[in-house]
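Asker: Need coordinates for the following:
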Amino acid sequence: MIKLIFLGTSDAIPTVRRNHTSMLLKYNEENILIDCGEGTQRQFRKAKLNPNKVTRILITHWHGDHVLGIPGLLQTMSLTGYNKTLYIYGPKGTKEFMRNIMKTFAFQKNYKIEIKEVSGKFLETPDFYLEAKSMTHGIPTNAYAFTKKAKIRIDKNKLKKTKLPEGPILKELKQGKDIIYKGKKYLAKNLTYKDKEIKISFILDTKLNNKIIPFAKNSDLLICESTFGKELKDLAEEHLHLTSEQAAEIAKKSNSKKLYLIHLSQRYEKNPSQILNEAKKIFKNSFLPKDLDSVEIE
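Answerer: Now for the predicted structure:
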C-alpha cells in the first residue's frame, strides 16, 4: 500500500489553515518527503509522524516556501538519533544550496547526507523507481514521479487447491516460471496474476509547458499546483504558475485518474471551493486536500 500525506498545501504565504508546501509518500520502508516548506517538522508532529523515518527528500526548486523547513528538520533528526543515510535530490544548484545551509546553520550533523542533482530516471529498486523532469519556473525546477512496478503475485485461493509447499518452489512461481512438483507440472499463468503499476506524479511550481502532459501520462494520482483561479490566468503566466483550469486540462490530457490540487494562493482562503469547482468542470475526479489529509492506494 502507498500512503500520501499532505503536510502543507499553501503557496508562498501560509494561512491559518494551510502550511507551506510539503508531502510525505510512504511505501514499505520508504518515507519520501517532497519539498520541505517552513514549519514542516511541526506538521510531522500534528500528523503523528516520525521524521527519523524519512529516507529521501525530493526538492522541486529552491524558493523559500519549498525549502525553509530543511535546516530545522535536519537538526531535529540529528538531535533525535537519526542513523541512516539521508538522500536529498533536487535540480541543478541543489549541491551548492545544501552546502550553504550546512555553513549557515551551526548544528551537529552525526549522520551521512548524500546530495544528488537529478533528471530522468534517477533511482530504481526492485519495487519502484523515481523520475524527474525539468519545468519552467524561472529557476531550475523539477517535477517528480514515483512509480511502483507491477509484480507477479500468487493467487492464494488457487494455491490452496494445489497443496504446494511453502519455500523456493513458490519463489519460482513469483518469477513467472512453471514448476514440477511430485511429477505434476504447474503452469505459472494458472496460479499467478500481475498486479497493476501505480504512478504518482508531482507537478509543482511551473508555468504551462509541453513537457508536463507526457511526464504525467497515466498517473493514478496527479498532485498539481493550482495557485490561481481562471480569472487570474494572465497573472499565473506572469508568475510562472498554473491555474485551476490548466491543472484540470493537464489531468484530462495526461489520462490521469485523480487530480489533487495544492499550492493555493492565500487569496482563496475564504473560498477554496472556487478552485475545486473550476477544475471539476473540466476533470470530474478533482480533489482539494486540506493540510494533514491523506490518500491511500494499492
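
Asker: For the stretch 51-200 of the chain, just list every one of the strands.
Answerer: Here the stretch 51-200 of the chain has its strands, by DSSP state E, counting those that start in this stretch, at 56-58, 86-90, 113-117, 120-124, 128-134, 142-148, 152-154, 179-181, 184-186, 192-194, 198-203.

Asker: got a list of contacts for the first one?
Answerer: Put plainly, it is strand 56-58. 30-36, 70, 86-90, 123, 130, 132, 142, 144, 202 (CB atoms under 8 Å, 6 or more residues apart in numbering). For every residue, glycine as well, the C-beta is placed using N, CA and C.

Asker: Going by neighbour count, which of those residues are buried?
Answerer: 30-36, 70, 86-90, 123, 130, 132, 142, 144, 202 (16 or more other CB atoms under 10 Å).

Asker: Redo the strands of the stretch 51-200 of the chain as a markdown table? Include mean pLDDT and distance to residue 46.
Answerer: Shown next, in a markdown table, are the strands of the stretch 51-200 of the chain (pLDDT from 0 to 100; distance: least, CB to CB, whole Å):
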| stretch | mean pLDDT | distance to residue 46 |
| --- | --- | --- |
| strand 56-58 | 98 | 19 |
| strand 86-90 | 98 | 22 |
| strand 113-117 | 97 | 25 |
| strand 120-124 | 98 | 29 |
| strand 128-134 | 98 | 27 |
| strand 142-148 | 98 | 24 |
| strand 152-154 | 78 | 36 |
| strand 179-181 | 81 | 50 |
| strand 184-186 | 82 | 51 |
| strand 192-194 | 78 | 39 |
| strand 198-203 | 98 | 21 |
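
Asker: among those, which is the most enclosed?
Answerer: strand 198-203 (a mean of 25; mean count of other CB atoms under 10 Å).

Asker: Mind giving me the packing neighbours of that strand?
Answerer: Counting contacts by 3 or more CB pairs under 8 Å, 6 or more residues apart in numbering; DSSP states H and E, strand 198-203 is packed against strand 2-8, strand 142-148, helix 212-216, strand 221-225.

Asker: Tell me which residues touch residue 150, please.
Answerer: Counting by CB under 8 Å, 6+ apart, residue 150 has contacts 194-197.

Asker: can you redo the residues you listed as TSV with distance to residue 219?
Answerer: Shown next, in TSV, are those (distance: CB to CB, whole Å):
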residue	distance to residue 219
194	20
195	17
196	13
197	11
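
Asker: gap between the two ends of stretch 165-182?
Answerer: 11 Å (CA to CA, to the nearest Å).

Asker: Show me how far that stretch is from its chain's centre.
Answerer: 35 Å (CA atoms, centre = their mean, to the nearest Å).

Asker: could the strands of the stretch 51-200 of the chain go into JSON lines alongside distance to residue 290?
Answerer: Below are these laid out as JSON lines (distance: least, CB to CB, whole Å):
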{"stretch": "strand 56-58", "distance to residue 290": "22"}
{"stretch": "strand 86-90", "distance to residue 290": "27"}
{"stretch": "strand 113-117", "distance to residue 290": "32"}
{"stretch": "strand 120-124", "distance to residue 290": "30"}
{"stretch": "strand 128-134", "distance to residue 290": "26"}
{"stretch": "strand 142-148", "distance to residue 290": "22"}
{"stretch": "strand 152-154", "distance to residue 290": "34"}
{"stretch": "strand 179-181", "distance to residue 290": "50"}
{"stretch": "strand 184-186", "distance to residue 290": "50"}
{"stretch": "strand 192-194", "distance to residue 290": "36"}
{"stretch": "strand 198-203", "distance to residue 290": "18"}
